[in-house]
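In: the sequence and its predicted three-dimensional model are supplied below.
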Amino acid sequence: MSVKAEHYDVIRKPVITEKATMTSEAGGVVFEVAIDANKPQIKEAVESLFGVKVKAVNTTITKGKQKRFRGQLGRRKDVKKAYVTLEAGNTIDVSTGL
């Protein structure tokens, strides 16, 4: 498997919410990442895929909620988000595709 494919396995998709938009104004980006990815892997993946310098990576795991689907109880998956702070002068435009 190539290195680029591994990076795409670590970073799933950008998170575009009101809070994520406020983070981008402060020089950060929010990504949904693989649940087993660690901070050094996330940093390496962002730097190689987007060609930027990463200052810091903070992660959070949101537990999946219990929801009903057609009357049946089900459970959503746990989601891990990475708040990536970029070095000054670096930007990532998440509104466009890769």
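Out: Right, received. Where do you want to start? Model, not experiment: these values are computed from the prediction. Residues are numbered from 1 along each chain as shown.
In: list the buried ones in the helix or strand where Ile42 lies?
Out: Counting by DSSP states H and E, the element that carries Ile42 is helix 39-50. For helix 39-50, burial by neighbour count (16 or more other CB atoms under 10 Å) applies to Gln41, Ile42, Lys43, Ala45, Val46, Glu47, Phe50. (Glycine included, C-beta is placed from N, CA and C.)
In: and which of those residues is nearest Glu6?
Out: Set against Glu6, the nearest of the buried residues of helix 39-50 by CB to CB is Ala45 (7.8 Å).
In: wait, what's in contact with that closest one?
Out: Ala45 makes contact with Glu6, His7, Val10, Ile11, Ala37, according to CB atoms under 8 Å, 6 or more residues apart in numbering.
In: helix, strand or coil for the residue lying closest to it once chain neighbours are set aside?
Out: When the adjacent residues along the chain are set aside, Ala45 lies closest to His7, with 3.9 Å between them (CB to CB, 6 or more residues apart in numbering). Judged by DSSP: H, G, I helix; E, B strand; the rest coil, the three-state class of His7 is helix.
In: what is the neighbour count of His7?
Out: 18 (other CB atoms under 10 Å).
In: look up how far Val33 lies from it.
Out: The spacing between His7 and Val33, counted by CB to CB, to the nearest Å, is 11 Å.
In: ok, Ala45 next?
Out: Distance of Ala45 to Val33, given as CB to CB: 8 Å.
In: mutual contacts of the two, please.
Out: Val10, Ile11.
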